[in-house]
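> here is the input, now give the coordinates:
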Amino acid sequence: MSRSTAISRTYLRIIPWALILLAAGAAAFFAWNAPKTGTAPSPRASGPNAPRVGADIPKIDVHVHVAPRLAERAVRLLGENGIEVAVNASGGAPGQGLELSQEVAAQTNGRLLFFCNMSFARVEDPEWPTYVAETLETCKQSGARGLKIYKALGLGIRLSDGSLLAVDDPRLDVVFDTCANLSLPVLIHSGDPVAFFRPDDAQNERHAELAAHPDWSFAGEYAPGRPWPTWEQVFSQFERRVTRHPRTTFLGAHFGNAAEEPSKVAAMLERSPNYYIDTAARLPEFGRHPAAEMREFFVKWQDRILFGSDTAVTPDGLTMGSRGDEHDPPARLPEFFLAHWRYFETDEARLPSPTPIQGNWTIDGIGLPRVVLEKVYYRNAVRVLGVTLPAAE
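Got it, this is the predicted structure:
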């Protein structure tokens, strides 16, 4: 299997979900949410408008990966965990799955929407501009919520000279300018966790994850004499790309591709009003920062943050953000999603990470005001991606 193929497989990271508050989980739920000794009680524990944790605010997950033929199962699992609408980042390209994703959106009454995808490996084709125009027009007409760009751009697609296609390669400008003209948002994943670019040894904080998936490492060389770019280089390419297209709506995947450095994310949000971020698969990273700082971040940028989980439902199994050698069991879905709600909605300290393999440390809740929660959970997705919540049944 080629390195590019191995990399592209990481895009379809597998989505989990299941039964949140069933009979067997009711008692555990209340125990789970009881104030911990030495910590402040949940801000949702009192007050005339206080909801139960994760229970009474609609939620749209803007970043999942679903094999279209498993849509019914995915919608059921997500719904059982409070997700009313999800957007499939693996929607496919015209003639390569996009049509099936369009059918799924209709069959699920808009509960599983989709982004479209395209091949950046065709950038050296003389017909590249035509391909871009036709592909994105078809995406728009299909009802895609936007274009999803995988991390292969910058870390996988090789040009004829053997070099990697950079995120800010000028030949790609036509893609982002066309998206602007079509009002098609761009969900873009550039780079990966910083630890993936460091040597994989016992000191690497993501050693367990890299040991299970050695092909996720970007340390060393991708070909003889050709070193991988550094994390800083890829992120700089990404910054230049966003800055270059002020008319294009960008959604930076995985907490703006820089969960380890919220200050970098804030600087981009400050500089580019067309820039938004999602929270997918990075709660352990941004959650390890001081709660007061992250609460201030979310409050300040409350109109620019969209909830995402990066859960995946594929024929191989489920994945909740990331996984080890084995896929995740459906029974862990309630715990996974509840960890997110507890982080966003309570000020509990030392919460367990929803994805221990991404760093087995605890996180402290940030207790966001309800108005902020509503924006992050669903209002921003409605406004930015044009998602519609399903009518009450």
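> please make it C-alpha for all contacts and neighbour counts, starting now.
Will do.
> can you map out the strands along the chain?
Assigned by DSSP state E, the chain shows strands spanning 60-66, 85-88, 112-114, 147-149, 186-188, 221-223, 226-227, 250-252, 275-278, 305-306, 311-314, 317-320, 351-352, 362-363.
> out of the ones you listed, flag the one nearest residue 122.
For residue 122, the closest of those is strand 147-149, at 14.1 Å, according to CA to CA.
> what does the closest one rub up against?
89-90, 115-118, 136, 139, 179, 184-189 (CA atoms under 8 Å, 6 or more residues apart in numbering).
> if you look at the residues you listed, which of them are in helices?
Among those, the ones falling in helices (DSSP state H) are 136, 139, 179.
> make CSV out of these and add neighbour count, distance to residue 169 and pLDDT.
Shown next, in CSV, are the ones in helices among the contacts of strand 147-149 (neighbours: other CA atoms under 10 Å; distance: CA to CA, whole Å; pLDDT from 0 to 100):
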residue, neighbour count, distance to residue 169, pLDDT
136, 24, 19, 98
139, 28, 22, 98
179, 25, 16, 98
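> just give me the closest of these to residue 84.
residue 139 (23.3 Å).
> correct me, but the closest one touches residue 92?
No. Contact criterion CA atoms under 8 Å: residue 139 and residue 92 do not qualify, at 9.5 Å.
> show me the common contact partners of these two, please.
98, 116.
> related to what we said a few turns ago, so which of the strands of the chain is nearest residue 380?
Nearest to residue 380, of all the strands of the chain, is strand 305-306, at 6.1 Å by CA to CA.
> which outside residues touch that closest one?
Contact with strand 305-306 is made by 61-62, 276-279, 298, 375-378, 380-381, as judged by CA under 8 Å, 6+ apart.
> what do you get for stretch 124-137?
93, 94, 118, 122, 147, 159, 174, 175, 178, 179, 182.
> cutoff 10 Å now
Here stretch 124-137 makes contact (CA atoms under 10 Å, 6 or more residues apart in numbering) with 93-95, 116-123, 138-139, 141-142, 144, 146-147, 159-160, 171-176, 178-179, 182, 184.
> rewinding a little: quick one: which of the contacts of strand 305-306 is nearest residue 321?
Nearest to residue 321 among the contacts of strand 305-306 is residue 279, at 10.6 Å by CA to CA.
> okay, now the closest one: neighbour count?
Counted with other CA atoms under 10 Å, the neighbours of residue 279 add up to 25.
> where does this protein dip in pLDDT?
1-52, 392-393 (pLDDT under 70).
> center of it - which residue?
residue 280 (3.0 Å; CA atoms, centre = their mean).
> was I right to think that residue contacts residue 64?
Yes. Contact between residue 280 and residue 64 holds when scored by CA atoms under 10 Å: they sit 8.4 Å apart.
> identify the residues contacting residue 251.
146-148, 185-189, 242, 274-278, 304-306, 384-385.
> go again using 8 Å as the cut-off
Each residue near residue 251 by CA under 8 Å, 6+ apart is listed here: 185, 186, 187, 188, 275, 276, 277, 278.
> can you tell me which of the residues you listed lies nearest to residue 269?
Using CA to CA, residue 275 comes nearest to residue 269 of those, at 5.9 Å.
> for residue 255, see how far away that closest one is.
Using CA to CA, to the nearest Å, residue 275 is found at 12 Å from residue 255.
> go on, residue 324?
Distance check for residue 324 against residue 255: by CA to CA, it reads 22 Å.
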